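Asks: Structure of the sequence below:
(chains A, B, C and D)
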Number of protein chains: 2
Amino acid sequence: MSIAQRKQRHREDMRELILDAARSIFLEKGYDQTSIRNIAEKIEYSPGTIYLYFKEKDEIFHALHEEGFRRMIGKMETLQHVFDPMERLKAFGRVYLQFANDNKDFYDLMFIMNEAVDHEESKWDMGSRALDFLKQVIRDCQAKGHFKNQDVEYLSFMIWAQVHGMAALYCRDRCQVYPPKIGIIKLMENAYTYFVNMLEKS
Amino acid sequence: MSIAQRKQRHREDMRELILDAARSIFLEKGYDQTSIRNIAEKIEYSPGTIYLYFKEKDEIFHALHEEGFRRMIGKMETLQHVFDPMERLKAFGRVYLQFANDNKDFYDLMFIMNEAVDHEESKWDMGSRALDFLKQVIRDCQAKGHFKNQDVEYLSFMIWAQVHGMAALYCRDRCQVYPPKIGIIKLMENAYTYFVNMLEKS
DNA sequence: TCATTAGTTTTACACCGTTAAGTAAAAAGA
DNA sequence: TCTTTTTACTTAACGGTGTAAAACTAATGA
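Replies: From the prediction side, this is the model:
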């Protein structure tokens, strides 16, 4: 192993170490508690060290942001087994909502927080891939005669906004305006059922 | 004017002074720049003074949060002039989206940010009033034969999530995954048109 | 006139992200 | 092997944050 290789390896190991610590604090104690100093303490290095491997704090969250998308896309891929396009579309929303429920903090980071966004274009590769998946399902539906004369851009945005709206209201605790006895999960499930029933009829 | 009255008056004046400064900084430079020290500097008082009139920073943003709801409800009231319930429902979404576009920061504070939420129940009075408005429009639609056998809770959540989803993706710059040439406003308008067309058919 | 009180400021604490200077050990060159 | 350079890391500092307690000042009441 050459020296350059070893250095490269060390660099990657350190980045992974930092990311592991950041992820664990983030998932356990939330974004606010995930400070450079807390991460440094967890890996038993000084705060300054982190800046040798990440340009800034946001770069760490950008990395977690991408990890979130990889997880989500992984879940989406199970949908390839749903043969009928319309059923696949309906299942898409359920997988999306399930992901948001199971990974509240990741979802927040990916679709709501400002922190992991802004810098470059690259981060949107992941977002685009996820969106492309939805668009393709819609096109498959159109090939079967659904959604005639509807633009895939507008239609995909409508569907995405529907599921994101529910997930975002859930993540940011805006469902309190509904009677607690209904239950947030039931609220989301039934609202989504109404939505897909409408979709199917159109 | 009694002493107690004068003191009460002074207290209210100071709160208003602080809120005016906070609002102006918030709308001009964003949440991050709206610090206690910046507000204090603007009103030419010391930072400590602010804590004589507000328990904590979040209480200031809670007050702005309520102001946002008053503004939104004000807009909603213009909908009373739309006679047909279904047309009123369709217009509701447009007014909602227009409000989000015209008052991005207020919308963010009201429906996305964590800062103005959590403490008491009182703040949800406003949110509930806005939601009740939507629910009533839906009931009016049902009285005219629409949305048969649909629960107003679930249906209102679906509609709210639809418009919130679009507004939230817009506020938090997640529409970049769509080609810029489409235009965010056009994207939202057309997606909403698709949505209401679907709604009408069901 | 003196004591009390209300309104405000000052100071301090414990954090934060980030950077620059300093240090010690490892690697490279002679 | 000895010296120099590079590498990896730490320490200390800057300017910022929210917030609480102590200190101060001016008006009020007795």
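
Asks: show me the contacts for the closest residue to chain B within chain A.
Replies: Distances between chain A and chain B by CB to the nearest CB are smallest at A:Gly165, namely 2.8 Å. Backbone N, C-alpha and C define where each C-beta goes, glycine included. Counting by CB atoms under 8 Å, 6 or more residues apart in numbering or on different chains, A:Gly165 makes contact with B:Trp160, B:Ala161, B:Gln162, B:Val163, B:His164, B:Gly165, B:Met166, B:Ala168.

Asks: Let's see that with 6 Å instead.
Replies: Residues counted as contacts of A:Gly165 (CB atoms under 6 Å, 6 or more residues apart in numbering or on different chains) are B:Ala161, B:Gln162, B:His164, B:Gly165.

Asks: and the lengthiest helix in chain A, what's its mean pLDDT?
Replies: The residue-count maximum for a helix in chain A (DSSP state H) belongs to helix A:3-29. For helix A:3-29, mean pLDDT rounds to 92.

Asks: If we go by neighbour counts, what in that helix is buried?
Replies: A:Met14, A:Arg15, A:Leu17, A:Ile18, A:Leu19, A:Ala21, A:Ala22, A:Arg23, A:Ile25, A:Phe26 (16 or more other CB atoms under 10 Å in any protein chain shown).

Asks: Nearest to B:Tyr192 among the contacts of A:Gly165?
Replies: B:Gln162 (7.8 Å; CB to CB).

Asks: in terms of contact, does the closest one touch A:Gln162 like I think?
Replies: Yes. Checked against CB atoms under 6 Å, the pair B:Gln162 and A:Gln162 is within contact range at 5.2 Å.

Asks: before we move on, back to that, which pLDDT does the model give the residue of chain A closest to chain B?
Replies: pLDDT, A:Gly165: 98.

Asks: Look at it and give its secondary structure.
Replies: Here A:Gly165 is helix, with the state taken from DSSP: H, G, I helix; E, B strand; the rest coil.

Asks: The longest helix of chain A: what's the following helix or strand?
Replies: Using DSSP states H and E, the next helix or strand after helix A:3-29 towards the C-terminus is helix A:36-43.

Asks: quick one: buried residues of the helix or strand following that next one?
Replies: Next helix or strand after helix A:36-43 toward the C-terminus (DSSP H and E): helix A:47-53. For helix A:47-53, a neighbour-count test (16+ other CB under 10 Å) marks A:Ile50, A:Tyr53 as buried.

Asks: In space, what's closest to the residue of chain A closest to chain B - neighbours in sequence excluded?
Replies: Sequence neighbours aside, B:Gly165 is the residue nearest to A:Gly165 in space, at 2.8 Å (criterion: CB to CB, 6 or more residues apart in numbering or on different chains).

Asks: cool, and A:Leu199?
Replies: B:Met198 (6.8 Å).

Asks: The one you found - how many residues pack around it?
Replies: 19 (other CB atoms under 10 Å in any protein chain shown).

Asks: Just the CA trace of the helix or strand containing it, in CSV.
Replies: Element membership of B:Met198 [criterion: DSSP H and E] is helix B:184-201. The C-alpha trace of helix B:184-201 is given here as CSV (Å, rounded to 0.1, in the frame of the first residue of the first chain):
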residue,chain,number,x,y,z
ILE,B,184,-42.1,27.7,-9.7
ILE,B,185,-45.3,29.8,-9.8
LYS,B,186,-46.5,28.0,-13.0
LEU,B,187,-45.6,24.7,-11.4
MET,B,188,-47.7,25.4,-8.4
GLU,B,189,-50.6,26.9,-10.4
ASN,B,190,-50.8,24.0,-12.8
ALA,B,191,-50.4,21.3,-10.1
TYR,B,192,-53.2,23.0,-8.1
THR,B,193,-55.4,23.1,-11.2
TYR,B,194,-54.9,19.4,-11.7
PHE,B,195,-55.8,18.9,-8.0
VAL,B,196,-59.0,20.8,-8.1
ASN,B,197,-60.0,19.1,-11.4
MET,B,198,-59.6,15.8,-9.6
LEU,B,199,-61.5,17.1,-6.6
GLU,B,200,-64.5,18.3,-8.7
LYS,B,201,-64.8,14.9,-10.4
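
Asks: ok, residues contacting that helix?
Replies: Contacts for helix B:184-201 (CB under 6 Å, 6+ apart): A:154-155, A:157-158, A:198, A:201-202, B:90, B:93, B:97, B:162, B:166, B:170, B:175, B:178.

Asks: Residue numbers of chain A in contact with DNA strand C?
Replies: Applying CB under 7 Å from any atom of the strand, we find that chain A lies next to DNA strand C at A:3, A:33-38, A:47-48, A:51, A:56-58.

Asks: what about 10 Å?
Replies: On the criterion CB under 10 Å from any atom of the strand, DNA strand C has as its neighbours in chain A the residues A:2-4, A:6-7, A:22, A:25, A:31-41, A:46-52, A:54-61, A:115.

Asks: who's in contact with stretch A:74-91?
Replies: For stretch A:74-91, the surrounding residues in contact (CB under 6 Å, 6+ apart) are A:Val95, A:Phe99, A:Phe133, A:Val137, A:Asp140, A:Cys141, A:Lys144, A:Val196.

Asks: same question, stretch A:25-42
Replies: Contacting residues not belonging to stretch A:25-42 are listed as A:Ala21, A:Ala22, A:Ser46, A:Pro47, A:Ile50, A:Lys57, A:Asp105 [CB under 6 Å, 6+ apart].
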